[in-house]
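Q: Sequence first, predicted coordinates after that:
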Amino acid sequence: MKFTIYQESRPGKRPNNEDRLAHCYSRDALLTVVADGMGGHYYGEIAAQIAVQTLVESFQREATPTIEDPFMFLHRAMMNAHRAIVDFSTMHRLNDSPRTTCVACIVQQNVAYWGHSGDSRLYLMRNGRVFTHTRDHSRVQLLIDQGVINEAQAAVHPERNKIYSCLGGHTPPEIEFSRKTPLEAGDVLALCTDGLWGVIPDETLAVSLKSENLLQAVPALLNQADLRGGPSADNLSIIAVRWEDSYVEASGATSSSSVVSTQAMSEDTITTRLDAFGRNPNYKTELTEDEIERAIDEIRSTIQKYSK
């Protein structure tokens, strides 16, 4: 595989960052995952951390070096994350269960497979345009589907942030899957939370990420979203991947240090980018060091129940 990848999360103007994101890859498969937590105190952060950490640890076990059935993998890992969050809520006797959205994507053999629950989105962009994106599991999307409101009205609707499916809720999540989607060289996959897509029009997102240099384009896009969000700007998170379909460099092209090539990786090697709970300065928290350590231990023990 050959691709460029960049991920970043910012708190916006919120006191805490409840978004979590991660990616990891073997020689022949790539996983990206984004989660947007919801819940009182620091529990939304924990729900999102459980979601991304469950998917990452599942990938680390099962990518040998490909995932046997990507859709089954995504379903099983997301359901295990849901159960782990519910277990955490039960253990702490929480009346308001922490919850999280989740969108995740596997790419292998030049084919993308994705699934989601909630309103965190995956965009596939081709030639500077949005080729497709996930359908939000939100009340306003249902109103759009019913023809009651249009996209412009949805953007300012008072219930635009209310979702009907998520991980950790009182009912099992609705997990919606894509079709097997072949990728072309130059395609861009972007997984992001509503803090970004809610203030950046799809066309602007596609044009911005058409840039060859994602390491510059993504921070610039986040700067723009932060400004547009104003004094109540939500957490902002995105993983962007530019896909290449060949290891072969174009004639006369120079290799970029930002391009990942997995050709020389061994079959049992996994590279992971996942921040431990409470250890990223972009994830603001008011927790003490002891509370962070206790949360890390609780997250680990909760996830281990569903490690198979």
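A: Perfect, I can see it now.
Q: Report the beta-bridge partners for the residue nearest to the spatial centre of the chain.
A: Most central in the chain under CA atoms, centre = their mean is Val34, positioned 1.6 Å from the mean C-alpha point. Note on Val34: beta-bridge partners by DSSP bridges are Leu21, Val103.
Q: State the pLDDT value of it.
A: Confidence at Val34, expressed as pLDDT, is 98.
Q: That one and Leu196: what is the separation?
A: Val34 sits 10 Å away from Leu196, going by CB to CB, to the nearest Å. C-betas here are computed from N, CA, C, even on glycine.
Q: For the residue lying closest to Glu159 once chain neighbours are set aside, give its distance to Gly195.
A: Among residues not flanking Glu159 along the chain, Arg139 sits closest, at 4.9 Å (CB to CB, 6 or more residues apart in numbering). Using CB to CB, one gets 18 Å for the distance from Arg139 to Gly195.
Q: same deal with Ala152?
A: Taken as CB to CB, the span from Ala152 to Gly195 is 20 Å.
Q: Looking at these two now, which is surrounded by more residues?
A: Gly195 (28 against 8; other CB atoms under 10 Å).
Q: can you list contacts of stretch 260-273?
A: Here stretch 260-273 makes contact (CB atoms under 8 Å, 6 or more residues apart in numbering) with 1-5, 7, 22-28, 56, 59-60, 63-65, 247.
Q: Inside helices: which ones of the residues you listed?
A: Val56, Phe59, Gln60 (DSSP state H).
Q: residues near the last one, how many?
A: Residue crowding around Gln60 was assessed by other CB under 10 Å; the count is 14.
Q: tell me the contacts of Leu209?
A: Leu209 is in contact with Met125, Val188, Ala190, Ala217, Val218, Leu221, Ala240, counting by CB under 8 Å, 6+ apart.
Q: how about a cut-off of 10 Å?
A: Shown in contact with Leu209 (CB atoms under 10 Å, 6 or more residues apart in numbering): 6, 123, 125, 128, 188-190, 217-218, 221, 238, 240-242.
Q: mind checking how far the residue nearest to the centre of the chain is from Phe59?
A: Taken as CB to CB, the span from Val34 to Phe59 is 14 Å.
Q: for the nearest residue to Val140 once chain neighbours are set aside, phi and psi?
A: The shortest distance from Val140 to any non-neighbouring residue, by CB to CB, 6+ apart, is to Ala154 (4.2 Å). Main-chain torsions, Ala154, degrees, to the nearest 10: phi -60, psi -30.
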